[in-house]
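> Sequence unavailable; structure follows:
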């Protein structure tokens, strides 16, 4: 890979990490305050609406953002066409959902509070539609600094509004207006700073040219979104909004790590992969480095959070959200397979092999559906002191489905990248082994330290120190490069 591409890729990773860290800090502070002020049902109400919002946002983009990134040289007309398509679709879907709000309420035991909340909340996907192309252009050019700024500005503005309304007693509406403020601010910053304006033209030829990649990714994304949100639907429908609130909290906090890592990989790696898609030897080298970089970050992040979940929740929320802890841990475990599958999808998408992505997504979701059907009769079940017993059973089935999908994806993706399955596994194995060993050490600490804050500090220092020391002793190239390019420069990331 040329030195220019190395620098651009490393710079993109650097700013994506800065973006995710700063965004998640703001998101976390807001989430902690709201979790303390609002009830489980408040979160359940918004979680119910979020199920339908996720599908609306998916149809707005229709997979064309992937096609824009995959294409080497998209034109001004290409970007403009996708923007107008997104805005037209978002407007049409909003009208449908506005009048369909009573039917949404019927899905959740007829709770009429959902109707006005959904009609306002759905405005957010129109705001998102206006920012998709602006964000896409910057990521395509690996200039993600302003994406980071816009995200942070949106989260900061949303935090002010959400916390104010929560303190004032507005309940679930605090989350609704927080979301709208976030999306409006983000879109506004991007439009004011990007220097790009669309053409007043719409090209069906341009739109059709994206269809082969876009439609494949649309179907794949549809299945992915379906099986990310179908659990919220059935939990709210079968068990009620309080149990959905517990699940929503576990899901939200687990996604802070899972989504951040996955988004960093997609926005940073996919443009780089598209630049070397015509050179099989370089492509194999790049995927090897990306496997190791991902494993270096993913396994300790998910593993250490799993062990530290109970003291983290108790320190932040007291015992109010205790039933969410086990859900948080199970969702982190599932998230490991989600991130790895997303990484392998990038390898396949960059080569325009979207049929394979669709096939693998279909396999994963077919397995998930089978386990879901088996667990569905038990979703509303509880045990003394355990109001989420049925939801736990549901999540174990989804972990099994995700593992099956990951295993098949490794077998199918490695040859596409010009490598063997054992090579893919060897890339990740050292970091997994290190993480498991340190997790055992953190668990032992939890047996002897009762104070929550002291335990958190000890576990954090142990995890960071031990992981860094082990990789230093074993001469980890990835760690040297991470430590080199993050604080100082990004010219040393030798993909």
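Right, received. Where do you want to start? None of the values given here were measured: they were computed from a predicted structure.
> what helix or strand does the residue nearest the centre of the chain sit in?
In the chain, the centroid-proximal residue (C-alpha atoms, centre = their mean) is residue 259; its distance is 2.1 Å. Element membership for residue 259, per DSSP states H and E: helix 241-275.
> Same question for residue 169.
Using DSSP H and E, residue 169 falls outside every helix and strand.
> what about it, how many neighbours?
9 (other C-beta atoms under 10 Å). To be clear about C-beta, it is placed using only N, CA and C from the backbone, and glycine gets the same treatment.
> cool, the one 5 residues further on as well?
Taking other C-beta under 10 Å as the criterion, the count of residues near residue 174 is 25.
> other SSEs contacting whichever strand or helix holds it?
Using DSSP H and E, residue 174 falls within helix 173-193. Applying 3 or more C-beta pairs under 8 Å, 6 or more residues apart in numbering; DSSP states H and E, one finds that helix 173-193 makes contact with helix 3-37, helix 40-61, helix 114-121, helix 123-129, helix 132-140, helix 145-167.
> In the helix or strand following that helix, which of the residues would be classed as buried?
Using DSSP H and E, the helix or strand that follows helix 173-193 in sequence is helix 204-209. Buried residues in helix 204-209, counting neighbours by 16 or more other C-beta atoms under 10 Å, are found at 206-207, 209.
> of those, closest to residue 456?
Using C-beta to C-beta, residue 207 comes nearest to residue 456 of those, at 51.2 Å.
> Give me the below-cutoff pLDDT ranges for the stretch 251-400 of the chain.
Along the stretch 251-400 of the chain, the model assigns pLDDT under 70 to residues 260, 263-272, 274, 352.
> And the helices in it?
280-307, 309-317, 322-350, 354-375, 389-416 (DSSP state H, counting those that start in this stretch).
> Which secondary structure elements does the first one sit against?
Using 3+ C-beta pairs under 8 Å, 6+ apart as the contact test, the elements touching helix 280-307 are helix 241-275, helix 322-350, helix 421-448, helix 452-473, helix 477-485.
> and residue 446, what is it in contact with?
307, 310-311, 455, 459 (C-beta atoms under 8 Å, 6 or more residues apart in numbering).
> For the residues you listed, which ChimeraX command selects only the ones that are buried?
Those of the contacts of residue 446 that count as buried under 16+ other C-beta under 10 Å are selected in ChimeraX with:
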select :307,310,311,455,459
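> Show me what counts as buried in stretch 465-473.
466-467, 470-471.
> Which of the buried residues of helix 204-209 sits closest to residue 243?
Nearest member of these to residue 243, counting by C-beta to C-beta, is residue 207, at 42.5 Å.
> What sits closest to that closest one if chain neighbours are left out?
Nearest residue to residue 207, sequence neighbours excluded (C-beta to C-beta, 6 or more residues apart in numbering): residue 81, at 5.4 Å.
> now residue 167
residue 37 (6.6 Å).
> ok, now residue 374?
Here the residue nearest residue 374, using C-beta to C-beta, 6+ apart, is residue 397, at 6.3 Å.
> returning to that earlier point: state whether the residue nearest to residue 207 is indeed within a helix.
Yes. Per DSSP: H, G, I helix; E, B strand; the rest coil, residue 81 lies within a helix segment.
> So for it, what's the pLDDT?
Residue 81 is assigned 83 on the pLDDT scale.
> list the contacts for it?
Counted by C-beta under 8 Å, 6+ apart, residue 81 has contacts 201-203, 206-207.
> cool, and residue 284?
Contacts of residue 284 by C-beta under 8 Å, 6+ apart are 417-419.
> Any of those residues buried? List them.
Applying 16+ other C-beta under 10 Å to these flags 417, 419 as buried.
> Redo the contacts of residue 284 as a markdown table? Include secondary structure.
Shown next, in a markdown table, are the contacts of residue 284 (three-state DSSP):
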| residue | secondary structure |
| --- | --- |
| 417 | coil |
| 418 | coil |
| 419 | coil |
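> Counting neighbours, what do you get for the residue lying closest to residue 472 once chain neighbours are set aside?
Closest residue to residue 472 apart from its sequence neighbours, by C-beta to C-beta, 6+ apart: residue 479 at 6.9 Å. The tally of other residues near residue 479 (other C-beta under 10 Å) stands at 18.
> tell me the contacts of residue 479?
Applying C-beta under 8 Å, 6+ apart, the residues contacting residue 479 are 296, 468, 471-472.
> Isn't residue 231 up against residue 247?
Yes. Residue 231 is in contact with residue 247 according to C-beta atoms under 8 Å; the separation is 7.1 Å.
> higher neighbour count, those two?
residue 247 (28 against 22).
> how close does that one get to residue 391?
6 Å (C-beta to C-beta, to the nearest Å).
> Quick check: neighbours shared by those two?
Contacts common to residue 247 and residue 391, judged by C-beta under 8 Å, 6+ apart, are 235, 327.
> For stretch 310-322, buried residues please.
For stretch 310-322, by 16+ other C-beta under 10 Å, it's 310-314, 316-317, 321-322.
> Please identify which pair of those residues lies farthest apart.
Farthest pair in the buried residues of stretch 310-322, by C-beta to C-beta: 311 and 321, 13.3 Å.
> For residue 118, see how far away residue 103 is.
10 Å.
> and if you look at residue 108?
With C-beta to C-beta as the criterion, residue 108 and residue 118 are 10 Å apart.
> Which of these two has more residues huddled nearby?
Each of residue 108 and residue 118 has its neighbours counted (other C-beta under 10 Å); residue 118 has more, 24 against 21.
> mind listing what the more buried one touches?
Contacts of residue 118 (C-beta under 8 Å, 6+ apart): 49, 52, 97, 101, 104-105.
> Most neighbours of all the residues you listed, which one?
Counting by other C-beta under 10 Å, top hit in the contacts of residue 118: residue 49 with 27 neighbours.
> so it makes contact with residue 117?
Yes. Between residue 49 and residue 117 a contact is recorded at 5.7 Å, counting by C-beta under 8 Å.
> Verify the stated contact: residue 236 with residue 48.
Yes. Using C-beta under 8 Å, residue 236 is in contact with residue 48, at 4.9 Å.
> if we can go back for a sec, looking at the helices and strands packed on helix 280-307, which is closest to residue 25?
Closest among the helices and strands packed on helix 280-307, once you apply C-beta to C-beta, is helix 241-275, at 9.9 Å.
> So what's the predicted local confidence for the residue nearest to residue 167?
pLDDT, read off for residue 37, is 88.
> ok, it - contacts?
163, 166-167, 174.
> what's residue 450 sitting at in phi/psi?
Backbone geometry at residue 450, expressed as degrees, to the nearest 10, gives phi -90, psi -30.
> could I get the contacts of residue 118 as CSV with pLDDT?
Formatted as CSV, those follow (pLDDT from 0 to 100):
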residue, pLDDT
49, 88
52, 82
97, 89
101, 92
104, 90
105, 90
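> ok, of the residues you listed, which one's closest to residue 184?
Looking across the contacts of residue 118 and measuring by C-beta to C-beta, the closest to residue 184 is residue 49, at 17.7 Å.
> Fine by me, we can end here.
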